[in-house]
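**Q** Have a look; sequence and predicted model below, questions after that.
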Amino acid sequence: MNKSPNRFSDHEIDAVYRTIAERRDMRHFKSDPVDPETLQRLLLAAHHGPSVGFMQPWRFIRISDKALRNKLHQLTYQYGTGPQTTRR
């Protein structure tokens, strides 16, 4: 079988399968601030995530004010849309 010069290596392919197999939902979060470089890397990765027709229907809003985050947290419970378990 001919291997394309653009083909991912076997190690890279294995890493994708391992990542998919070990994926976990996050329900508890640390309260430490996220390093700005890490945040940029995560946002770049999220924007490259698949979406139907490459429409990318998501929006990200960074809320760094703790009082506002707490208020939003309360509102999600008030309207029944909040997570069942959480940690601030």
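**A** Everything's here; your move.
**Q** tell me which helix or strand of this protein sits lowest on mean pLDDT?
**A** Sorting the helices and strands of the chain by mean pLDDT, DSSP states H and E puts helix 66-78 at the bottom, at a mean of 88.
**Q** quick one: low-confidence parts of this protein?
**A** Across the chain, residues meeting the criterion (pLDDT under 70) sit at 1-2, 81-88.
**Q** ok, now which ones touch residue 42?
**A** For residue 42, the contacting residues are residue 34, by C-beta atoms under 8 Å, 6 or more residues apart in numbering. Quick note: C-beta positions are derived from backbone N, CA and C, even for glycine.
**Q** Assign it to one of the three secondary structure states.
**A** Under DSSP: H, G, I helix; E, B strand; the rest coil, residue 42 falls in the helix class.
**Q** Over to residue 45?
**A** helix.
**Q** Let me know the distance separating it from residue 11.
**A** 19 Å (C-beta to C-beta, to the nearest Å).
**Q** cool, residue 70 as well?
**A** 44 Å.
**Q** Then residue 25?
**A** Per C-beta to C-beta, residue 25 is found 27 Å from residue 11.
**Q** And residue 43, by the same measure?
**A** 26 Å.
**Q** So for the two, which sits in the more crowded spot?
**A** Between residue 43 and residue 11, counted using other C-beta atoms under 10 Å, residue 43 has the larger neighbour count: 12 against 7.
**Q** No further questions, thank you.
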